[in-house]
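Enquirer: Provided below for reference: sequence and predicted model.
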Amino acid sequence: MTGQTLNEVLFAGSVTDTSRELQVAIDGGERFNNEGWLDVKHGRLPVAFLGGPLPDVEGKSTGGYVLSLRDLSETRRTEARLHLAAHVFDSLAEAMVITDERGLIQSVNPAFSSITGFRESEALGHSPGELLQSGQHKPEFYAEMWRALHERGNWQGEVINRRKNGELYTEWLSISALRDSDGGAKQYVGLFSDVSARKEAEAFIHHLAYHDPLTGLANRRLFCDRLEMALRQAQRNDRPLAVLMLDLDRFKVVNDTLGHMAGDLLLKEVGLRLQFSVRDCDTLARFGGDEFAILVPEINSPEDALLIGRKLLQALKASLAIAGRELFASTSIGVAIFPEHGVSSEELLRNADVALYAAKHAGRNTMSVFDPQTFESNDDLELEMGLRHAIERNELVLHYQPQIDGESGLVSGVEALVRWQNPALGLVPPGRFIALAEQTSLIEDIGDWCLNEACRQITCWQAEGVAIPRVAVNVSARQLRGEGFAERVMETIRQHGIKPQQLELELTESLLTEDTVHTFEIFKELRAQGIRIAIDDFGTGYSSLKYLADFPVDVLKIDQSFVARLHEQSESLYVVQAIVMLAKGLNIETVAEGVETEDQRAQLLALGTNHLQGYLLARPQAAAALAEIVERFTLLAEAKRNRR
Ligand code: C2E
Ligand code: MG
Ligand code: MG
């Protein structure tokens, strides 16, 4: 490089501030101490220049000049890193605290101050323990922390600490030891965040998951957890344990007549009274609806459970003041005892339920202890127990079977037919469970559900533009005799905003002969509002012909048995003919049920039946299938009209 000027070597011949200043120093024989940039092949390099006139051995000037250059790249990088670290330290959402090897604070960041309330000046020189310890952890907790730090060099965990203002909070803390070259800890760095808010949210969610929101009592889940635990304990100690199941009597009546608000109040009040009657170590839970359960984890003998049961019956005896009325909330109780009546939680709950069922049958306001014989002697038991939960578990569904107008060929209405899909029993036909439900007040709940569901479906079809003029809903005699039936129907219609003309109620013929005055009044009331009344399975209870003329009805449904025998027995033909004639005379419409063959259809139409219903035309279907069916019949009817 000899022969080249300094400027050419260092600055590639260009004139920069540094090059100019350097030239001045060289020319003047002065020292040069400066930082600047050096142009190199791949860019620029930060450098420190140190230069001065070159002296000879005696220190006299030789006229030469020495210049040394030091690469500053690494220094600059370190500076940038430190700057970044300081910035991160300050702006971190997490609190950071750095202590020396004795654990005394050397530095804290702003987040530390905002979480703990201690300013940096208050923290320096103190140990975090001195400032923050809450007394919530045992000495072993801290000992374990230090052990981990010494052995592994780090520790993580949840710590409850105290802020400067005295408030407790939970932090998630992670500590690392910074070691010096011989392996000893030089400093400790603690990083933590305040997780109190998250803890509170967690606790709240936990509470929601394990408690009944209405009464604040344990829910089924918590009850089952506790029962499992209590069972293990009972097994170890060889002590009995009791499960009591409660179901309020006639709760539904309160709900229906006074409204859900009153029902809720009643449940709350009952929850309080029950809570008051059990001990702290017992678990009282609400399983939903009007069902409560009590776990008595420690009893000396089965008699203890009966004692508690009697106490509960007694507690509910006094009337409750709800919605300005005096109500009585009696209950039925079923008891199952470990180990006599079961060793698993499922078995005990199930058998307590069986005992409850027996209590309900024995009459209201009673208690009954599980008796294995009830179970063996009653085939319907499983069915009835399952049925009790069918509604709340959404196991019921309505299917709809079209009725076709004999003249126009259009869908004139559909009949709603209930189906019960039980996970354990499969699809149970209504013929099996309706009869069973009719033996208890369950039929009223099921009937209400069906009516409500049918009205809801009417509004859905209406919104989708599916032309179904009318839905017929089956009503059992027991339902009709229940209190306030007509009002309930009208209320349901009003709630769904449908017209009374869109609803038809199918009632059995026997109603015309039993309890005639009451039935007559209800029919009159419903018809006055515009609801159609149909008599189902007409012709089977033949004594009714004489009542028919007096009764306000709109439709007769000719029983399937006559339709089925139309072809082989002329007798059936005459019966159908008579019914149709009678109906015409009384201005009542007829529907023939169970039409399965073309022959039957032809004969029924020839006899003048107004509507046809049966597998030949369409089977009962899920609601979603009806749009297509209506469309099919509309097209068929149009095609037929065009042919004429
Ligand atoms: P139902 O009211 O007389 O209903 C007609 C029954 O005949 C239905 O049986 C229907 O599926 C069936 N069916 C329709 N077309 C034909 C056919 O062409 N051939 C034959 N063999 N059968 C046909 P499902 O659905 O099993 O209902 C049986 C009974 O259960 C009903 O008789 C009714 O008394 C009762 N039921 C159904 N749903 C309800 C309900 O929501 N409430 C009440 N209280 N009772 C209901
Ligand atoms: Mg029917
Ligand atoms: Mg019928």
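Expert: Structure's in. What do you need? Ligands and ions are numbered 1, 2, ... in the order given.

Enquirer: which intervals of the chain have sub-threshold pLDDT?
Expert: 1-2, 374-379, 541-546, 568-569 (pLDDT under 70).

Enquirer: domains of it?
Expert: 6-76, 92-194, 202-375, 398-417+442-643 (automatic domain parsing).

Enquirer: Relative to residue 433, which of those domains is closest?
Expert: With Cβ to Cβ, the closest approach to residue 433 among the domains of the chain belongs to domain 398-417+442-643: 8.3 Å. Yep, even glycine has a C-beta here, placed from its N, CA and C like the rest.

Enquirer: Now find how far off-centre that closest one is within its chain.
Expert: If you compare the mean C-alpha spot of domain 398-417+442-643 with that of the full chain, they lie 38 Å apart, counting by Cα atoms, centre = their mean, to the nearest Å.

Enquirer: Any residues of this structure in contact with ligand 2? List them.
Expert: Near ligand 2, the residues belonging to the chain are 474, 506, 536 when assessed by Cβ under 5 Å from the ion.

Enquirer: Helix or strand: which one has the last one?
Expert: Here residue 536, judged by DSSP states H and E, is contained in strand 532-538.

Enquirer: would CSV of the residues of the chain next to ligand 2 with distance to residue 4 and neighbour count be doable?
Expert: Written out in CSV, the entries for the residues of the chain next to ligand 2 read as follows (distance: Cβ to Cβ, whole Å; neighbours: other Cβ atoms under 10 Å):
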residue, distance to residue 4, neighbour count
474, 111, 21
506, 114, 20
536, 117, 21
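
Enquirer: and which of those residues is nearest ligand 1?
Expert: Ranked by distance to ligand 1 (Cβ to the nearest ligand atom), the residues of the chain next to ligand 2 are led by residue 474 at 3.5 Å.

Enquirer: so is the closest residue to that closest one other than its chain neighbours in a helix, a strand, or just coil?
Expert: Using Cβ to Cβ, 6 or more residues apart in numbering and skipping the chain neighbours, the partner closest in space to residue 474 is residue 506 (4.7 Å). Using DSSP: H, G, I helix; E, B strand; the rest coil, the three-state assignment for residue 506 comes out as strand.

Enquirer: what sits against residue 506?
Expert: In this structure, residue 506 makes contact with 415, 472, 473, 474, 475, 534, 535, 536, 557, judged by Cβ atoms under 8 Å, 6 or more residues apart in numbering.

Enquirer: just residue 111 next, same as before
Expert: When the contact criterion is Cβ under 8 Å, 6+ apart, the partners of residue 111 are 92, 93, 94, 95, 96.

Enquirer: Can you report how many residues neighbour the first one?
Expert: Per other Cβ atoms under 10 Å, the neighbour tally for residue 92 reads 15.

Enquirer: on that earlier part again, which secondary structure elements does the strand holding residue 536 contact?
Expert: Contacts defined by 3 or more Cβ pairs under 8 Å, 6 or more residues apart in numbering; DSSP states H and E place strand 532-538 against strand 503-508, helix 516-529, strand 555-558.

Enquirer: partner strands of that strand, parallel or antiparallel?
Expert: Pairing partners of strand 532-538, with direction, according to DSSP bridges: strand 503-508 (parallel), strand 555-558 (parallel).

Enquirer: By neighbour count, which bits of it are buried? Give me those.
Expert: 532, 533, 534, 535, 536, 537, 538 (16 or more other Cβ atoms under 10 Å).

Enquirer: Distance of the second one relative to ligand 1?
Expert: Summarising the geometry, the distance separating residue 533 from ligand 1, computed by Cβ to the nearest ligand atom, to the nearest Å, is 14 Å.

Enquirer: That residue - nearest residue in space that isn't next to it in sequence?
Expert: Once chain neighbours are set aside, the closest to residue 533 by Cβ to Cβ, 6+ apart is residue 553, at 4.7 Å.

Enquirer: didn't that neighbour look like it was pressed against residue 588?
Expert: Yes. Taking Cβ atoms under 8 Å as the definition, residue 553 is a contact partner of residue 588 at 6.1 Å.

Enquirer: dump the residue contacts of residue 596.
Expert: When contacts are counted by Cβ under 8 Å, 6+ apart, residue 596 is found next to 563, 564, 614, 615, 616.
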